[in-house]
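Colleague: here is my input; please provide its structure:
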Amino acid sequence: MLPCYAVCSCSEEQRLDVLKRVCEKGQIIEVALNTHGTRAVQKLIETFTSREQRALVISALGPGVVSLIKDLNGNHVVQRCLQRLGPDDSQFVYDAAEGHCVEIATHRHGCCVLQRCIDFATPKQKTDLVQEIARHALQLSQVSRQGIKASCWSPWWGQLWKGVS
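Modeller: Numbering: from 1, shown residues only. The predicted structure follows:
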């Protein structure tokens, strides 16, 4: 994997070649979990200019997105996807967040990603995710008893329903 500075100076063709190599070999998840690799993957995501680049990364990250969400380094890659890919291309993150709501919401890094999901969601994505969170509200409200900081929820728990029809 190229260091961050090299990603910035790559031509479009070189960047696509790097993406194809790490995505086709299934290495992008491994790289995203690495302390230094996470920065390189985030930088790649920031520099996307084509639909093909986006599609490669989405298909490669999809199978490991829950692991990435719960990882110290990987969660930053997922947050960068939410920020830079937009809500439609980030649907794979929303699907994982809904499908693994409690697992993600009760994890210290997952909780942060869940907050970003709400921040960057379309109205429909937000409604669907909030409804799934609400289905597990009792369980989630008791997370502090399990030694998990519920404080990550406190800044926005009361506003979770804002904008939800």
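Colleague: contacting residues for residue 74?
Modeller: Residues counted as contacts of residue 74 (C-beta atoms under 8 Å, 6 or more residues apart in numbering) are 29, 32, 33, 38, 64, 67, 68. Every C-beta, even on glycine, is put in place using the N, C-alpha and C of the backbone.
Colleague: for residue 44, what are its contacts?
Modeller: Per C-beta under 8 Å, 6+ apart, neighbours of residue 44: 7, 15, 18, 19, 57.
Colleague: put the buried members of the residues you listed into a PyMOL selection.
Modeller: Filtering these down to the buried ones (16 or more other C-beta atoms under 10 Å) takes a single PyMOL command:
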select buried, resi 7+15+18+19+57
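Colleague: pLDDT check: weakest of the contacts of residue 44?
Modeller: Here the lowest pLDDT out of the contacts of residue 44 sits on residue 7, with 55.
Colleague: for this structure, give me the ranges with low pLDDT.
Modeller: Residues of the chain that meet the criterion pLDDT under 70 lie in 1-8, 143-165.
Colleague: try 50 this time
Modeller: 1-2, 4-6, 145-151, 154, 161, 163-165 (pLDDT under 50).
Colleague: now for whichever strand or helix holds residue 133, which elements pack on it?
Modeller: Assigned by DSSP states H and E, residue 133 belongs to helix 123-135. Under the contact definition 3 or more C-beta pairs under 8 Å, 6 or more residues apart in numbering; DSSP states H and E, helix 123-135 sits against helix 91-99, helix 101-105, helix 108-120.
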